[in-house]
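Build the 3D model from these lines:
(one chain, ligands or ions: 2)
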Amino acid sequence: MKALVYDTDFEKHYNLIEREKPTIINPKDAIVEVTMSSICTSDLHIIHGQVPRANNNIVLGHEYVGKVIEVGSEVKTLKIGDRVSANCETFCGECFFCKKGFINNCEKGGWEIGCRIDGCQAEYVRVPLADQGLNKLPDNVSDKNALFIGDILATGYFGAEMCEIQNEDTIAIIGCGPVGLCAMICAKVLGATNIIAIDIEQTRLDLAKSQNLATHYINPQNCNLEEEIKKLTQNRGADKVIEAAGANNTFELSWKIARPNAIIAVVALYEENQTLPLPSMYGKNLTFKTGGIDAIHSDKLIDLISQGKINTDFLVTHTFKLENIMEAYKTFEAKKDGCIKIAIEK
Ligand SMILES: [Zn+2]
Ligand SMILES: [Zn+2]
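Ligands and ions are numbered 1, 2, ... in the order given. Down below sits the predicted model:
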């Protein structure tokens with residue numbers, strides 16, 4: 001089968017090559033025919049050598065949708081022919097953290113697929129602990145509809161959920177990249193009526209606007225962000241902030257634009273440590289929460305998509321065939337032609 005493999009021996013550290021089709025290794029495995037996959041910024045981090053725990057010579061990719069073609073003897077909830085979405089983190093469902101619903105802290109799992117073991121940017125993928133890793137899709141949810149359930153949509157939902165949204169809350173969301181846009185969609189689903197979208201890239205703000213994802217759109221390059229937020233919140237600051245950008249100054253911005261007693265949900269991934277200048281925020285009574293990817297809500301998200309309450313199709317700005325995935329990587333990395341997310345079709 002064709003597979004996009006990460007290997008530091010390759011000139012660009014990744015290449016589309018022929019690989020053996022995967023087989024069942026463990027009785028809890030399933031083999032999935034990948035009908036659609038995507039490329040994540042984390043894949044770029046691997047090929048740039050920024051993910052020390054990534055194994056060399058593995059198939060990349062952890063965002064995908066497919067069809068079950070083989071199940072191990074201990075797989076209980078799936079059968080051959082099921083259409084499924086996938087959680088990018090592997091989890092057991094049985095350990096201390098899994099039982100509490102904190103599945104991305106699973107003692108036996110974590111980011112395995114496309115990092116420690118072969119991923120989904122291939123014709124087929126082996127999915128360990130498949131009962132937990134895969135979620136069945138109803139007929140009215142297409143591959144494209146379901147592509148982001150297990151990673152960026154899960155992260156956006158997690159961010160919005162951490163905000164404990166109440167009526168009339170003003171939610172400021174920093175970053176209109178894929179995760180920020182998903183957070184806006186989910187904040188609305190969870191009842192937010194005032195959403196402020198913030199990004200320094202005007203095209204991304206415009207995309208959010210074209211989808212009517214927020215009530216206000218602010219480009220901090222054109223104004224003083226703190227002042228603008230105050231104008232919109234009777235001088236108080238945002239009730240809740242979701243930091244989904246992960247740029248050099250955005251963690252600092254997240255607490256600066258928050259009102260006293262706000263919740264700040266940090267779902268961004270940073271390349272460097274961030275400082276928490278406690279003296280200057282003393283008395284502001286802020287609550288910081290962190291995390292992401294927690295795909296515990298996959299079935300709920302599938303329901304919301306099926307009911308037409310969530311639609312992330314607009315995030316797919318480009319589509320490529322698997323045989324052209326090298327070109328797709330270039331397009332994604334360069335954000336060519338307004339690229340947000342790519343769908344890779346078989
Ligand atoms: Zn990812
Ligand atoms: Zn577990």
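
ok now do the residue in the stretch 201-346 of the chain positioned nearest to ligand 2, which residues does it touch?
Nearest residue of the stretch 201-346 of the chain to ligand 2, counting by C-beta to the ion: residue 296, 11.3 Å away. To be clear about C-beta, it is placed using only N, CA and C from the backbone, and glycine gets the same treatment. By C-beta atoms under 8 Å, 6 or more residues apart in numbering, residue 296 lies in contact with 101-103.

ok but it is inside a strand, no?
No. Under the criterion used here (DSSP: H, G, I helix; E, B strand; the rest coil), residue 296 is helix, not part of a strand.

who's in contact with the helix-or-strand element of the chain with minimal mean pLDDT?
Least confident helix or strand, the chain: helix 278-281 with a mean of 90, by mean pLDDT, DSSP states H and E. Taking contacts as C-beta under 8 Å, 6+ apart, the residues outside helix 278-281 that touch it are residue 255.

any idea how far the residue nearest the centre of the chain is from residue 180?
The chain has residue 152 as the residue nearest its centroid, 1.6 Å off, counting by C-alpha atoms, centre = their mean. The gap separating residue 152 from residue 180 is 10 Å, by C-beta to C-beta, to the nearest Å.

Next: residue 194.
Relative to residue 180, and taking C-beta to C-beta, residue 194 is found at 16 Å.

just checking, residue 343 touches residue 144?
Yes. Residue 343 is in contact with residue 144 according to C-beta atoms under 8 Å; the separation is 6.2 Å.

anything in contact with each of these two?
With C-beta under 8 Å, 6+ apart, residue 343 and residue 144 have common neighbours 36, 316.

So which of those two has more stuff around it?
residue 343 (21 against 18; other C-beta atoms under 10 Å).

give the contact list for that one.
Residue 343 is in contact with 36-38, 143-144, 147, 316, 318-320, counting by C-beta under 8 Å, 6+ apart.

In the beta-sheet assignment, what are the partners of it?
As for beta bridges, residue 343 partners with residue 38, residue 319 under DSSP bridges.

Looking at it now. What's its pLDDT?
Note for residue 343: predicted pLDDT of 98.

ok, now how distant is it from residue 127?
For residue 343, the distance to residue 127 - C-beta to C-beta - is 20 Å.
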